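Undergrad: Fold the following.
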Amino acid sequence: MSNEFKLESIGQIHIGVKDIQRAIEFYRDVLGLTLQFEVPDQKMAFFDCGGIRLYLSADQLEDFPSNPLIYYQVADINEAFKAISGAGVKFEREPHIVHKTPEYDLWMAGFRDSEGNFIHLMNEAPPSG
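TA: Numbers count the residues shown, from 1 in each chain. You can find the predicted model right below:
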């Protein structure tokens, strides 16, 4: 492999779901992601997540199971926690600091989506001192 080769960015992330319509409603209405398009006859939907395409599909191949663990960056973890909790989502991990540096405190919180996939919110906030 050439020393000049490197991956540039993530273009798309796949999440396997059980019920595509329920998942579309969750990602669009609860998490606020922009639905780009659906492929109803193939049980697929695509969302924009900060320039990275999020691909949901109910038709999974045994050779390619989906076991994602995605960390969504948010501007204010406490506001995100309130908004998502307010939509009826139960958090398994409430906002808490997982790491401190001189530059920032790394906050995380975790919950499950409508299909049971575990999701993290993360925020690099100014250090608390």
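Undergrad: quick one: residue 116 is in a strand?
TA: No. Under DSSP: H, G, I helix; E, B strand; the rest coil, residue 116 sits outside any strand and is assigned coil.
Undergrad: Quick check: residue 48 is in a helix.
TA: No. Per three-state DSSP, residue 48 lies outside any helix segment and is strand.
Undergrad: now the residue nearest to it when sequence neighbours are not counted: how far from residue 90?
TA: Leaving out its chain neighbours, the residue that sits closest to residue 48 by CB to CB, 6 or more residues apart in numbering is residue 34, at 4.6 Å. Bear in mind the C-beta positions are built from the backbone N, C-alpha and C, glycine included. Applying CB to CB, to the nearest Å, the value for residue 34 to residue 90 is 25 Å.
Undergrad: Looking only at neighbour counts, state which of these two leads.
TA: For residue 34 and residue 90, the more surrounded residue by other CB atoms under 10 Å is residue 34, and the numbers stand at 11 against 8.
Undergrad: Can you list the residue ranges for helices in the protein?
TA: Remark: helices assigned in the chain by DSSP state H are 20-25, 77-86.
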